[in-house]
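> return a 3D structure for these sequence lines:
(chains A and B)
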Amino acid sequence: MSNNGIEISSLKEAIQGTWPILPKERTWGALGLTAVAISAGVAAWSYIIGGFVAYYLDAKMGTIAMIAGSLVGMFFVVMATIPGSVKYGIETITSTRPQFGTKGAYFSIFIQYASIIGWNCLLLILLGKAAGNIAKEAGWAVDPSSIALISVLGSLTAITLSWLLLRKGAESIRNYSYWIAIAVTILGLWILYKLVVGVGLTTIFAAKPAYASGDLLWDYTAGFEVLVASVLSWWPYMGGIVRMVPSSRQAVWPAMLCMGLPTGVISLIGLYSALATGSQDPTAWLIKFGGIEMGIVALIFLAVANIGTAVVGAYVAAIGLKQIPVFQKGISWNWITLIVLAPVAIIATFVPNLFFDNSGTFFAFLGVVFAPVCGIQIADYFFLRKQQLNTRGLYEKESGSAYYFIGGVNPAAVIALVAGFFTYTYLLNPVSYESAAIFKYVSASIPAVIVSMIVYYVITKLFIEKSSIGDY
Amino acid sequence: MGEEQLDPELVKRIKLVENPDYEGDPLTGMDYVLLFLVGLIIPAILMIWGWS
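This is a model prediction of the structure:
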């Protein structure tokens, strides 16, 4: 596609892509959505999530906590996004205007951008580390500085390839997701097979977590919380996918069972492998079980999966940025994709270990931002607006329009977000993982959802509705 | 309500979507019960079972 063609198609997608989908355009059935949901839900970051949970839990408790966490996380995403998106045929960012306001909805674009940068950092740093690990095991690099250099160059090569692939435009990028799912599934099943044959289920289930806190209930809740928070980050993607089916019923189960659950199930491979080997890196697992040749093959699969996932994520983030007026004129598609990938390159170059070794902070950050957002959307759509939106108001942005509120921002949403943020950070500090005594009984994301729901509802009832703003 | 100029194609779509016949079908009460079961109750049972 020519540069001009990319500019026009990306702008068209950013603007027209937010318009309501009509029934005749809802061409996916439950089966079609299932295929798309699986291809989205099966992603290589699940290995990292599972590897992180292996720090705290053994195989049995980790399995249960991760399955349960993935279902609960997706439950909140489904409740927040599917009813409104399917009813009106709108994607997630547009669906937040009734809660956040015409300008406040840019916050949704920001958290989408920030979460995708975080996931892409994890994916591409992991890929770089895998390249460094292969170089070390093959004897191509011996001293730690050379291995670190190869790791950084591996990440930067992957980022450059991602940027070049993004120049091809929307259609080719959509097709990647199927290949990514196939690559991740093959790699995952292969690792699982080698793991079971090489180590044995008994050994895996007897393996002890490396960094258990000493309080088993805390570890159990932390493992559950990591999955809830990670799955909540599907929130930005959900509306755009589910609005392609004609009924909410056709959307709910593919989302729950084919997008939420696979995150937990694929993460189990990461959990078992990390427990058995002490490493989060799939190439390290396969080198251990099958030698350097198998490690190289794993690296190729990992590259396909991680670069593909990073490209899809970067594309979604870039289209999101294109919805902001300042990015619609004068800034080319190549620059916007650079804005999405540059932070990843900076982190992968200068602080890869700091970021990767603190992936738990990133997972908690997802809960900090997405849990309150889900709570606010659920309270607004079900309890305040009674499942009725002003469709024209979703697209009018000027003062006096339905969802303009005050200066384009709904103060109730801001206060509820802050309340949810403080609830989460009080219960679980995302940086230090220090927690309130009650955390191990209630987790952090679930209370953050509930508190933001209540705060949003009360402030709206007491102040916003009485001010006759926000079309209540 | 502002009288903001919207793209004619968007206005056409909005008018169609405002017609309930063009809206996507909502979840039924039973759908919500099942959703609560799979999304909250079963995970809670799993967590209790895993702890015991």
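> and the stretch 251-400 of chain A, which residues reach chain B?
A:252, A:256-257, A:387, A:391-393, A:395-400 (Cβ under 8 Å from any Cβ of the partner chain). From N, CA and C alone the C-beta is placed, and that goes for glycine too.
> which of those residues sits closest to residue A:365?
residue A:256 (24.0 Å; Cβ to Cβ).
> follow-up on the earlier one: PyMOL command to pick out the buried ones of the residues of the stretch 251-400 of chain A next to chain B?
In PyMOL, this line selects whichever of these come out buried by 16 or more other Cβ atoms under 10 Å in any protein chain shown:
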select buried, chain A and resi 252+256+257+391+392+393+395+396+397
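> what is the nearest of the residues of the stretch 251-400 of chain A next to chain B to residue A:187?
residue A:257 (21.8 Å).
> helix, strand, or coil at residue A:401?
coil (DSSP: H, G, I helix; E, B strand; the rest coil).
> where does pLDDT dip in chain A?
A:1-14, A:169-177 (pLDDT under 70).
> returning to what we had before: so which of the residues of the stretch 251-400 of chain A next to chain B belong to helices?
Counting by DSSP state H, the part of these found in helices is residue A:252.
> okay, and which of the residues of the stretch 251-400 of chain A next to chain B map to strands?
With strands defined by DSSP state E, no entry of those lies inside them.
> what's around whichever residue of chain B sits closest to chain A, how many residues?
Residue nearest to chain A within chain B: residue B:39 (2.6 Å; Cβ to the nearest Cβ). By other Cβ atoms under 10 Å in any protein chain shown, 21 other residues sit near residue B:39.
> hmm, it is touching residue A:71, no?
Yes: shown here, residue B:39 and residue A:71 form a contact pair, counting by Cβ atoms under 8 Å, at 5.6 Å.
> next, show the common contact partners of those two.
residue A:256 (Cβ atoms under 8 Å, 6 or more residues apart in numbering or on different chains).
> show me the contacts for whichever residue of the stretch 1-150 of chain A sits closest to chain B.
Going by Cβ to the nearest Cβ, chain B is nearest to residue A:75 of the stretch 1-150 of chain A, at 2.6 Å. Taking Cβ under 8 Å, 6+ apart, we find residue A:75 in contact with A:256, A:260, B:35-36, B:38-40.
> beyond the biggest helix by length in chain A, next helix or strand please.
If you go by DSSP H, chain A has its longest helix at helix A:282-322. The first helix or strand that comes after helix A:282-322 along the chain, using DSSP states H and E, is helix A:333-350.
> same for that following helix, what does it pack against?
If contacts are counted by 3 or more Cβ pairs under 8 Å, 6 or more residues apart in numbering or on different chains; DSSP states H and E, helix A:333-350 sits against helix A:3-16, helix A:106-138, helix A:144-166, helix A:282-322.
> do me a favour and get the end-to-end distance for stretch A:320-327?
Start-to-end span of stretch A:320-327 (Cα to Cα, to the nearest Å) is 10 Å.
> could you list the buried residues of it?
For stretch A:320-327, by 16+ other Cβ under 10 Å, it's A:320-323, A:327.
> distance from the chain centre to the lowest-mean-pLDDT helix or strand in chain B, please.
Using mean pLDDT, DSSP states H and E, the weakest-scoring helix or strand in chain B turns out to be helix B:8-18, at a mean of 88. On the basis of Cα atoms, centre = their mean, to the nearest Å, the separation between the geometric centre of helix B:8-18 and that of its chain is 20 Å.
> with stretch A:84-95 instead?
19 Å.
> what is the end-to-end distance of that stretch?
OK, stretch A:84-95 end separation, Cα to Cα: 7 Å.
> over to stretch A:463-472?
End-to-end span of stretch A:463-472 (Cα to Cα): 11 Å.
> ok, back up a step: now the contacts of residue A:75: which count as buried?
In these, burial by neighbour count holds for A:256, A:260, B:35, B:38-40, counting by 16+ other Cβ under 10 Å.
> what are the ranges of the helices in chain B?
B:8-18, B:29-36, B:42-51.
> save those as TSV, and put in distance to chain A too.
Output for the helices of chain B, formatted as TSV (distance: least, Cβ to the nearest Cβ, whole Å):
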stretch	distance to chain A
helix B:8-18	4
helix B:29-36	5
helix B:42-51	3
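> got these as CSV, with distance to residue A:100 columns?
Output for the helices of chain B, formatted as CSV (distance: least, Cβ to Cβ, whole Å):
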stretch, distance to residue A:100
helix B:8-18, 20
helix B:29-36, 25
helix B:42-51, 29
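> so which of these gets nearest residue A:136?
Nearest to residue A:136, of all the helices of chain B, is helix B:42-51, at 37.4 Å by Cβ to Cβ.
> quick one: buried residues of the closest one?
Going by neighbour count (16+ other Cβ under 10 Å), the buried part of helix B:42-51 is B:43, B:46-47, B:50.
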